[in-house]
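Peer 1: Here is a sequence with its predicted model. Questions after.
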Amino acid sequence: MRSLLDTRFKIVIMAKYKFEYIWLDGYKPDAMIRSKTKVLDLDFYHGDVNVLPMWSFDGSSTQQAEGHSSDCLLKPVNVYLDSSRINGFFVICEVLNPDGTPHSTNTRATIDDDPDFWFGFEQEYVLVQDDIPLGFPKNGYPRPQGPYYCSVGTGNVAGRDLVEEHLDLCLDAGLDITGINAEVMLGQWEFQVLGKGGKRSGDDLVLARYLLHRVAEQYGVHIEFHPKPMKGDWNGSGMHANFSNKKMREVGGKKYFKSICEKLGKAHKEHIAVYGSDNDQRLTGLHETQSIEKFSYGISDRGASIRIPISVPNTWKGYLEDRRPASNADPYLVAAAIIKTVKSA
């Protein structure tokens, strides 16, 4: 693994560093996560993304180019520790055209980034095996919803080992995972990740999803991000976006919070358009959602489009929760839409 390079006065120990370049492909309506490993001989590496080289890939295999001109470029934009490998790092990349301009599928480039904006994404997902949610009987259904949310015990939860392993990998990578919990449907889970800045927040969620898929491979389990994985009287899966900017956190004011909610209402259709595919199956007005055709906001109202947390009216400082994004939503598009609308308030 190591080679010695003999110089005149010293010996430099070269190491093999493994960089997993990660990007979003061009599949519609929901982009898939792609990755490939680049091995570099380096004296040392301290996590500086700017020293990592651009790389290319076959865009014709990812719905991002035609076969007669297939090269797309990967531009490293963020680096995280990969604790599963010796000298390993995860590298989030933007996809560029051969001339260096952002590719049409590069949704990260659409963000008018502002470090004052913080996003706390609540990512729900379902563990699926043999085409049914983990824990469901092969024929029929388990007990109705009720005993599964934040539960413990055989028959109440399924897949805890996988979820715990994913949590540890995320923390080792340096992600600000703020919590996990079993969700309302058996086999359904959630993790929460906090990021500062729209681009960094999206990067963190993409890596957390990537790690979830990687862990699931070892268990022979599929990760389902569809917003309504089970028809009928079962909760769907969302990616609630808790957000704030510096003014919301430090200045606040009831008038300012109301103006943000009103602006979000006026831009409802524009937001829904980028909040995930098949979201109409989830946003029905039932199962803790507002109808996709309506917009509402309210204090501590989980049936509203925008929930004002119960703590906010005490000082009218803090954050808001956008409950509309689906579990399969692109976090970059969600962040871009929220930043644009809030800045207009």
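Peer 2: Done, it's in. Numbering: from 1, shown residues only.

Peer 1: And the strand ranked longest in the chain, what does it pack against?
Peer 2: If you go by DSSP state E, the chain has its longest strand at strand 11-24. For strand 11-24, the contact count by 3 or more C-beta pairs under 8 Å, 6 or more residues apart in numbering; DSSP states H and E identifies strand 3-6, strand 33-42, strand 71-82, strand 88-96, helix 198-219 as packing neighbours. C-beta here means a position set from N, CA and C on the backbone, and glycine is covered the same way.

Peer 1: Recalculate using a threshold of 6 Å.
Peer 2: strand 3-6, strand 33-42, strand 88-96 (3 or more C-beta pairs under 6 Å, 6 or more residues apart in numbering; DSSP states H and E).

Peer 1: Restricting to C-alpha, output the longest one in PDB.
Peer 2: Think strand 33-42. Extracted in PDB, the C-alpha atoms of strand 33-42 (Å, rounded to 0.1, in the frame of the first residue of the first chain):
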ATOM      1  CA  ILE A  33     -26.800   9.000  -6.700                       C
ATOM      2  CA  ARG A  34     -23.700   7.900  -8.600                       C
ATOM      3  CA  SER A  35     -20.100   7.400  -7.400                       C
ATOM      4  CA  LYS A  36     -16.700   6.100  -8.400                       C
ATOM      5  CA  THR A  37     -13.400   5.900  -6.600                       C
ATOM      6  CA  LYS A  38     -10.300   7.800  -7.500                       C
ATOM      7  CA  VAL A  39      -6.900   6.700  -6.000                       C
ATOM      8  CA  LEU A  40      -4.200   9.300  -5.600                       C
ATOM      9  CA  ASP A  41      -0.600   9.100  -4.400                       C
ATOM     10  CA  LEU A  42      -0.100  11.900  -1.900                       C
END
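
Peer 1: What's the mean pLDDT across that strand?
Peer 2: The average of the pLDDT scores along strand 33-42 is 97.

Peer 1: Direction included, what does that strand pair up with?
Peer 2: According to DSSP bridges, strand 33-42 has the following sheet partners: strand 11-24 (antiparallel).

Peer 1: okay, the angle between the strand it pairs with and helix 198-219?
Peer 2: Calculated by axes from the mean of the first three to the mean of the last three C-alpha atoms, to 10 degrees, strand 11-24 forms an angle of 90 degrees with helix 198-219.

Peer 1: I'd like to check the angle between strand 11-24 and strand 71-82, please.
Peer 2: With the same axes, to 10 degrees defining the directions, strand 11-24 sits at 110 degrees from strand 71-82.

Peer 1: Buried ones in strand 11-24, by neighbour count?
Peer 2: 17-24 (16 or more other C-beta atoms under 10 Å).

Peer 1: Can you lay out those residues as TSV showing pLDDT?
Peer 2: Formatted as TSV, those follow (pLDDT from 0 to 100):
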residue	pLDDT
17	97
18	98
19	98
20	98
21	98
22	98
23	98
24	98
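
Peer 1: quick one: pLDDT of the residue most central in space within the chain?
Peer 2: Centroid check for the chain by C-alpha atoms, centre = their mean gives residue 205 as the closest residue, at 2.8 Å. You'll see residue 205 listed with a pLDDT of 98.

Peer 1: Distance check, it against residue 311.
Peer 2: 24 Å (C-beta to C-beta, to the nearest Å).

Peer 1: what's the domain layout of this structure?
Peer 2: Here the domain parsing of the chain from automatic domain parsing is 3-108, 118-343.

Peer 1: per-stretch mean pLDDT over those domains, give me the minimum one.
Peer 2: Of all the domains of the chain, domain 3-108 carries the lowest average pLDDT, namely a mean of 92.

Peer 1: ok, which stretches of the stretch 201-345 of the chain are strands?
Peer 2: 222-224, 239-244, 297-299, 306-308, 320-322 (DSSP state E, counting those that start in this stretch).

Peer 1: got the phi/psi numbers for the nearest residue to residue 69 once chain neighbours are set aside?
Peer 2: Nearest residue to residue 69, sequence neighbours excluded (C-beta to C-beta, 6 or more residues apart in numbering): residue 98, at 7.9 Å. Backbone torsions of residue 98, given as degrees, to the nearest 10, read phi -60, psi -30.

Peer 1: Good, wrapping up.
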